[in-house]
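*Asks:* give me a model of this one.
(one chain, ligands or ions: 1)
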Amino acid sequence: AQKYVLTKYFQGEPKNTDFKIIEEDLPELKDGEILTEAEYISVDPYMRAYMVGYKLPVDMIGGQVAKIIASRNETYPVGKYVTGSFGWRSHTICNPENLKGKPGFSPFTLLPDLTPHPVSLALGILGMPGNTAYFGLKEICKPKPGETIVITGAAGAVGSHVGQIGKNLGCRVIGFAGSDEKCKYLEKELGFDRAFNYKTTDIRSALREGAPKRVDCYFDNVGGEISSTIMSYMNKYGRVAVCGSISSYNDPQPPKVTILQPAIVFKELKVEGFLVDRWINRWEEGVKANLDWLHDGKLKYQEKIYEGFDNMVEALVGMLRGENTGKAVVKVK
Ligand code: NDP
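*Replies:* All right, here's what the predicted structure looks like:
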């Protein structure tokens with residue numbers, strides 16, 4: 001068995017030399033325990049943001065889809081798949097009873113049969129990013145049919161999902177993403193009303209063009225200056241779901257952004273940050289809603305699949321640089 005241990009704090013982009021890959025022996029299973037083998041491991045932006053707070057060395061955190069390869073627990077037979085916050089490791093021994101209902105970004109779950117879809121969806125639209133989109137949009141933005149939603153990071157795992165839910169709820173949906181190809185995908189494949197390349201477009205002109213009735217809901221995945229501009233273009237009583245601030249995760253200094261309190265005051269905006277584990281007790285509701293949309297053809301997905309346990313860091317960096325459309329995952333073997 002192998003695992004990644006973080007031995008140096010990230011400086012700028014994560015590097016292979018920030019980690020050590022450690023070999024470990026696996027003990028015998030005790031009653032109630034299972035042994036799982038990682039099939040897909042997730043790379044997520046929070047990994048870059050969170051690892052600054054741990055005492056080193058520390059096992060690398062992260063969600064997995066893993067196959068049960070040995071079991072001393074009848075409820076969890078060999079051959080079934082589970083998800084869990086197992087970290088960047090090839091094999092895991094655990095007692096599911098100790099993990100159920102524990103807070104965390106990838107709660108322990110026995111996966112239902114997802115055929116014809118890949119099990120990796122449990123790290124994407126049917127997992128943590130899917131629930132972030134579902135609860136973040138519904139509970140924080142509370143969009144009404146006919147309203148305009150703007151999404152940054154729109155072609156990523158969370159953003160591409162938020163936009164599709166927005167369309168399912170009868171809203172006008174505008175996305176900002178980092179390439180023309182991503183924007184084309186959002187408009188042509190996912191039904192976004194408009195998508196703009198934030199790297200090459202003037203944000204104000206894009207908003208005037210894409211959101212003629214201004215913005216009622218802003219789902220903020222990136223933070224920074226673009227968020228200030230969007231918030232200053234909102235309607236009275238607009239709602240902002242502050243989901244992430246990826247534009248500054250690699251920066252050692254806090255970002256310098258325009259002060260936008262006047263917009264918040266005079267438009268009477270509601271700006272709320274959230275973490276998806278707030279809805280840990282409603283986790284299944286989100287997964288079911290997303291699964292129903294998937295079955296009804298109302299939720300599409302794309303994955304950027306990196307290959308090989310040795311390429312975890314390359315995958316994390318690739319995702320942070322924007323190589324992915326949809327969810328970035330690593331296929332372990
Ligand atoms: P994504 O799949 O969206 O991947 C990250 C994307 O961020 C890249 O593809 C890239 O796309 C974009 N990006 C990178 N650098 C910048 C930048 N400087 N400015 C703008 N965009 C940038 O990741 P997720 O969907 O998993 O996460 C999206 C956001 O949601 C993150 O901020 C994350 O931290 C947050 N999040 C929050 C959760 C919560 O509980 N609050 C839970 C899950 C995620 P592009 O080509 O468009 O630049």
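*Asks:* look up the pLDDT of Q261 for me, please.
*Replies:* In the predicted model, Q261 carries a pLDDT score of 88.
*Asks:* sorry, that was for P103
*Replies:* Predicted confidence (pLDDT) at P103: the value is 66.
*Asks:* with R194 instead?
*Replies:* The per-residue confidence score, pLDDT, reads 98 for R194.
*Asks:* now it: how far from A70?
*Replies:* Applying Cβ to Cβ, to the nearest Å, the value for R194 to A70 is 51 Å. All C-beta atoms are positioned from the backbone trio N, CA, C, and that covers glycine.
*Asks:* higher neighbour count, the two?
*Replies:* Set side by side, R194 and A70 give different neighbour counts by other Cβ atoms under 10 Å, the larger being at R194 (18 against 15).
*Asks:* was I right to think the more buried one contacts E209?
*Replies:* Yes. Shown here, R194 and E209 form a contact pair, counting by Cβ atoms under 8 Å, at 7.2 Å.
*Asks:* wondering if the helix or strand W283 falls within reaches the ligand at all.
*Replies:* With elements taken from DSSP states H and E, the one containing W283 is helix 283-295. No. Shown here: helix 283-295 not in contact with the ligand (Cβ under 6 Å from any ligand atom), separated by at least 11.9 Å.
*Asks:* by contact count, what packs against that helix?
*Replies:* Contacting helix 283-295 under the criterion 3 or more Cβ pairs under 8 Å, 6 or more residues apart in numbering; DSSP states H and E are the following elements: helix 128-135, helix 157-168.
*Asks:* what's the closest of the ones you listed to K182?
*Replies:* With Cβ to Cβ as the criterion, K182 lies closest to helix 157-168 of those, at 8.9 Å.
*Asks:* and the next helix or strand past that closest one?
*Replies:* In the C-terminal direction from helix 157-168 (assignment by DSSP H and E), the next one is strand 172-177.
*Asks:* so is that next one next to the ligand?
*Replies:* Yes. In terms of Cβ under 6 Å from any ligand atom, part of strand 172-177 sits within range of the ligand, namely A177.
*Asks:* what lines up beside that strand in the sheet?
*Replies:* Within its sheet, and counting by DSSP bridges, strand 172-177 is paired with strand 148-152 (parallel), strand 194-197 (parallel).
*Asks:* and that strand, what's its mean pLDDT?
*Replies:* Per-residue pLDDT values over strand 172-177 give a mean of 99.
*Asks:* could you look up the SS state of the residue nearest to V52 when sequence neighbours are not counted?
*Replies:* The shortest distance from V52 to any residue other than its chain neighbours is 6.2 Å, reached at Y9 (Cβ to Cβ, 6 or more residues apart in numbering). Secondary structure, DSSP: H, G, I helix; E, B strand; the rest coil: Y9 is coil.
*Asks:* then L35?
*Replies:* Of the three states, L35 takes strand under three-state DSSP.
*Asks:* repeat that for T92.
*Replies:* Assigned by three-state DSSP, the conformation of T92 is strand.
*Asks:* hang on, the earlier thing: wait, does the helix or strand that comes right after the helix holding W283 contact the ligand?
*Replies:* Note on helix 283-295: by DSSP H and E, the next helix or strand toward the C-terminus is strand 303-307. No. With Cβ under 6 Å from any ligand atom as the threshold, strand 303-307 lies outside contact range of the ligand, at a closest distance of 8.2 Å.
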